[in-house]
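Asks: Sequence and computational prediction follow.
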Amino acid sequence: MTDPGGPSAPLRSRLAAGLVLSCIAFPALSAETTVAALAKQTHFHGLSVIPGPSERLYLATHHGLFSVAADGGADRVSSVADDFMGFTPHPADRSTLFASGHPQRGGNLGFLQSADGGQTWAKLSDGVGGPVDFHQIEVSPADPQVIWGVFGGLQRSNDGGRTWRRVVGQLPDGIQDLAGSKSRVDTLYAATQSGVMRTLDGGASWRSVYVQRARATMVQQLSSGELLAYVVGVGLIRAPSEADLSWQRLGDLGDEVIVHLAQHPSAPSLLYAATMHAISGDQSILKSTDGGRRWTRLGQ
C-alpha cells in the first residue's frame, strides 16, 4: 500500500501520464483482439455494461470502442478507431452513449453521441472554446438533459449536449472523474488530486467530503444510492448515501488503482473496474460480484 499521506512519485507520474496518453501515436490495432493485448497497446478511457440477450461490457479506448467477453476476448464495436475520451452511457438508455476525444487524423472531436450502441458516432456540438476534448463527461442521473464536461474548466449543457456554457466558479485541481447525483441535478461529485469533492450549487463552489486529502482517481454513485470512490493510499471507499457520507474502507488493490467503474444495470452487486498499476502503468479489467469487496481479473 502507498503512503496514506499521498500517492508515491511513480504513481503520481503514471496517473499524470494517463491524462496525456491520448496524444501518443499508438500502432494500429486489430478489430479482433483480447483485453490483455489492448492493455499493452492502447489506453482505457471508460466502461459500460450493455444488458440484454447479447449482454456486453463496453471498453472505450484510444483506438475505438470494444466489446469484451467473459473470457477476455475483445471485438471492436465502433466503425472508427478514434480516441474516445470521457466515454459515458446515458443513465436510462444504454444504447445511447457519449464521448469526446480525438480523431485518428488528429485534432479534437467535440462532444459526440452514438444512438446505436457505439457503432456510429455523430458530433452534437463543439462545446465552448472547442472543438472540445472532454476527458471527463457526466450525464446527470437526476435529469439526463443536463450533461457536464471538463475542458478549460467545467462546462454544462441543459439540452442533452447540443449547446454548452462555462460554469462560473473554481474547478478543483486535477480532476480525474465526475459523478452526478441521482436526486439533485446541481449536485456533482469529483475525484481530484486533493481527494473527493462535492458541489451543491452546480459547480460554483466545492468542498471536500472525505477526510483523507490524497489523490482520488474514481467516484461513482450506484443504483442503490451508495457512493464509491478510490483514494490512493486508502483504497476503495463506500458511503451509504448522499445524506450519510460516513465513508468505510472496502479494501485496496495493492499497487493498482481504479480509474473507471461500471455497475451492471440489473445486477447491482456486479461491478467492473479498469485499473492502472502504480509502478508499471499496466492496465487491467477487474470484475467483482460482491459490490467491490473482492475482485478477479477478467480473462484469467
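Replies: Looks like it came in fine. Numbering: from 1, shown residues only.

Asks: which residues touch residue 269?
Replies: 288, 289, 290, 291 (C-beta atoms under 8 Å, 6 or more residues apart in numbering). In this view, the C-beta of every residue, glycine as well, is placed from N, C-alpha and C.

Asks: 6 Å instead, please
Replies: Going by C-beta atoms under 6 Å, 6 or more residues apart in numbering, residue 269 touches 290, 291.

Asks: Assign a three-state SS to it, would you?
Replies: Using DSSP: H, G, I helix; E, B strand; the rest coil, the three-state assignment for residue 269 comes out as coil.

Asks: What confidence value was assigned to it?
Replies: Residue 269 carries a pLDDT value of 92.

Asks: The one 3 residues further on too?
Replies: Looking at residue 272, its pLDDT stands at 95.

Asks: Identify the bridge partners of it.
Replies: residue 262, residue 287 (DSSP bridges).

Asks: do you know how far it is from residue 226?
Replies: As judged by C-beta to C-beta, to the nearest Å, residue 272 and residue 226 stand 16 Å apart.

Asks: Next: residue 104.
Replies: 39 Å.

Asks: Same check on residue 59?
Replies: Residue 59 is 24 Å from residue 226, by C-beta to C-beta.

Asks: Same check on residue 143?
Replies: Look at residue 143 and residue 226: by C-beta to C-beta, they are 21 Å apart.

Asks: Comparing residue 59 and residue 226, which shows the higher neighbour count?
Replies: residue 59 (29 against 18; other C-beta atoms under 10 Å).

Asks: Tell me which residues touch the more buried one, please.
Replies: Contacts of residue 59 by C-beta under 6 Å, 6+ apart are 66, 68.

Asks: Show me the beta-bridge partners of it.
Replies: Beta-bridge partners, per DSSP bridges, of residue 59: residue 47, residue 66.

Asks: swap in residue 251?
Replies: So, taking DSSP bridges as the rule, residue 251 has residue 236 as bridge partners.

Asks: so it sits right up against residue 234, yeah?
Replies: No: with contact defined as C-beta atoms under 6 Å, residue 251 does not reach residue 234; the gap is 10.0 Å.

Asks: Looking at those two, which is more packed in?
Replies: Using other C-beta under 10 Å, the more surrounded residue of residue 251 and residue 234 is residue 234, with 20 against 12.

Asks: Now the more buried one: closest residue in space, sequence neighbours ignored.
Replies: residue 212 (5.5 Å; C-beta to C-beta, 6 or more residues apart in numbering).

Asks: Okay, and the one you found sits in which element?
Replies: Of the helices and strands defined by DSSP states H and E, none includes residue 212.

Asks: count of residues packed around it?
Replies: Neighbourhood size, residue 212 [other C-beta under 10 Å]: 19.

Asks: go on, residue 262?
Replies: So residue 262, with other C-beta under 10 Å, has 22 neighbours.

Asks: for residue 40, same thing?
Replies: Neighbour tally, residue 40, other C-beta under 10 Å: 9.

Asks: repeat for residue 104
Replies: Neighbours of residue 104 using other C-beta under 10 Å come to 13.

Asks: can you check the one 5 residues further on too?
Replies: Here the count is done by other C-beta under 10 Å, and residue 109 has 24 residues near it.
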